[in-house]
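**Student:** Sharing a sequence plus its predicted fold:
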Amino acid sequence: MTLTTSRTHPTIERFRVADGSLHIGASPVGLLAARVGDTPFFAYERAAINRRVEELRRALPSGIHLSYAVKANPMPAVVQHLSGQVDGFDVASAGEMAVALDTPVPVEWVSFAGPGKTPAELTRAVAAGVTISIESETEVVRVTNAGNQLGVRPRVAIRVNPDFQVKGSGMRLGGGPQQFGVDVERVPVLLRRLSAMELDVLGFHVFAGSQNLHADILAETQRKTAELVVRLASAAPQPVRYVNVGGGFGIPYFERDRALDLAAIGNSLAAVLSGQLRPALPEARVVVELGRYLVGEAGVYVTRIIDRKQSRGRTFLIVDGGLHHQLAASGNFGQVIRKNYPIVIANRMETPPTEIVSVVGRLCTPLDLLAHEVPLPRAEIGDLVAIFQAGAYGMTASPTAFLGHPAPPEVLV
């Protein structure tokens, strides 16, 4: 029987293999497991993050500022590492804001977005001096009250729910009815209201979709976003000094996915910057907000085989991890049709695949399926399984309290 394997996935090829073992950072995976102390765990590779930032800097025009969406991976060590490489942070909770404020990134380049911000969270944000993305009329009142109580003039931007949708995105965050942002048709009236308030209105935030692998669609979205912002700027009470055009850059999770054409995105942004935003809004700091694209491919989830069993002609490898740590790999985090993430037997990297197996966790639910009928080398109890594309929306997007198993360690190597 001749089997092919997903070992040729481009993300796997970014990691070093030596003496049959996957290396993460400078360490073979078995040695790293010993250093961590146990499995399962998440490991994030500094070098992979650095390479991605370097690729972006080469491709994007010099007038674009790069912001990291902390929700993708809020591990403090990851955020600290990125603080020396990006221009700002976007946070979505007071907890993420606290992590961002512990870094050297200037507070004015930290932005706070997301619906349902509480008065307490907004008071903390106003006191800190971060830029608050206003998502509703209620938030205007709360931010203004916080500013009056503290004697501080809050820094705000309007998050706009655009009148267009982005096709090909894993999640749509704009167009149609949304909990995100202020509907674009309501923005001019809101801006007139803001002009009478003690608020420093910096500009606009538009994020229409995420996880998109189509450069042409992203380019069209950038053009439409620029048109929308320029149109709204005429109603702004002050010159526009901040424009967050969102991001949405996707990474290839599955076998048929193709990596995003970053050069095409860079060319599109250069045209948008020079042809639309700079002439109309010369004072604006133009920001691209990326999370998954910066860290997603730098992460690996490592789990150990604790049982091997046969059931009516099928082979199951049972591991000590599961969906309570890596919900996305189980297919239960937004997949309509379940597909396998890239997966390998990490200590048998130079052994060809010889069998079809399913990799399952130890939770008492049939949903705990990490890989369904994948070709892998024969693996035994004690071998290590590595699941890639685990650097974003891994542990923090998973039900870690389910069934009472401990949360996995995270390491930056």
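**Tutor:** Looks like it came in fine.

**Student:** Now stretch 399-411: average pLDDT?
**Tutor:** When pLDDT is averaged along stretch 399-411, the result is 94.

**Student:** how far is it from where the chain is centred?
**Tutor:** Centroid displacement of stretch 399-411 relative to its chain, using C-alpha atoms, centre = their mean, to the nearest Å, is 20 Å.

**Student:** Stretch 354-368 too?
**Tutor:** 26 Å.

**Student:** What residues of it count as buried?
**Tutor:** For stretch 354-368, burial by neighbour count (16 or more other C-beta atoms under 10 Å) applies to V357, S358, V359, V360, G361, R362, L363, D368. Backbone N, C-alpha and C define where each C-beta goes, glycine included.

**Student:** Need the residues that contact it.
**Tutor:** 1, 3, 303, 306, 314-324, 330, 332, 343, 369-379, 385, 402-403, 405 (C-beta atoms under 8 Å, 6 or more residues apart in numbering).

**Student:** from the residues you listed, which ones fall inside strands?
**Tutor:** 303, 306, 314-319, 343, 369-376, 385 (DSSP state E).

**Student:** just the buried members of those?
**Tutor:** 303, 315, 317-319, 343, 369-371, 374-376, 385.

**Student:** ok, the buried residues of stretch 354-368 vs A18, which is closest?
**Tutor:** V359 (23.9 Å; C-beta to C-beta).

**Student:** Please report how far that closest one lies from L370.
**Tutor:** 5 Å (C-beta to C-beta, to the nearest Å).

**Student:** tell me, what's touching those two both at once?
**Tutor:** V319, I343, V385.

**Student:** so can I have CSV of these showing distance to A219?
**Tutor:** Formatted as CSV, these follow (distance: C-beta to C-beta, whole Å):
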residue, distance to A219
V319, 41
I343, 33
V385, 38
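
**Student:** Make TSV out of these and add distance to R192 and pLDDT.
**Tutor:** Below are the shared contacts of V359 and L370 laid out as TSV (distance: C-beta to C-beta, whole Å; pLDDT from 0 to 100):
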residue	distance to R192	pLDDT
V319	58	98
I343	55	97
V385	58	98
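
**Student:** Let me know the closest of these to L31.
**Tutor:** L31 has its nearest neighbour among these in V385, at 16.5 Å by C-beta to C-beta.

**Student:** which residues does that closest one bridge with?
**Tutor:** T303, I345 (DSSP bridges).

**Student:** Surely it is in contact with V300?
**Tutor:** No. Counting by C-beta atoms under 8 Å, V300 is not a contact partner of V385; they are 10.2 Å apart.

**Student:** hang on, the earlier thing: what's the farthest-apart pair in the buried residues of stretch 354-368?
**Tutor:** Using C-beta to C-beta, these reach their maximum pairwise distance at V357 and L363, which is 18.1 Å.

**Student:** Spell out, range by range, the strands that occur in the stretch 151-300 of the chain.
**Tutor:** In the stretch 151-300 of the chain, the strands defined using DSSP state E, counting those that start in this stretch lie at 155-161, 169-172, 182-183, 200-205, 209-212, 242-244, 285-290, 299-311.

**Student:** which stretch in the ones you listed is the model least sure about?
**Tutor:** strand 169-172 (a mean of 49).

**Student:** Look up the pLDDT of the nearest residue to T123 once chain neighbours are set aside for me, please.
**Tutor:** The spatially closest residue to T123, leaving aside those adjacent along the chain, is A146, at 4.3 Å (C-beta to C-beta, 6 or more residues apart in numbering). With respect to pLDDT, A146 has a value of 98.

**Student:** Any buried residues in the helix or strand hosting A146, and which?
**Tutor:** Using DSSP states H and E, A146 falls within helix 137-150. Under the neighbour-count criterion of 16+ other C-beta under 10 Å, helix 137-150 has E139, V140, R142, V143, T144, A146, G147 buried.

**Student:** got it, and stretch 51-66?
**Tutor:** The neighbour-count check on stretch 51-66 (16+ other C-beta under 10 Å) flags R52, V53, L56, A59, L60, I64, H65, L66 as buried.

**Student:** and the gap between the fourth one and V36?
**Tutor:** Distance of A59 to V36, computed by C-beta to C-beta: 34 Å.
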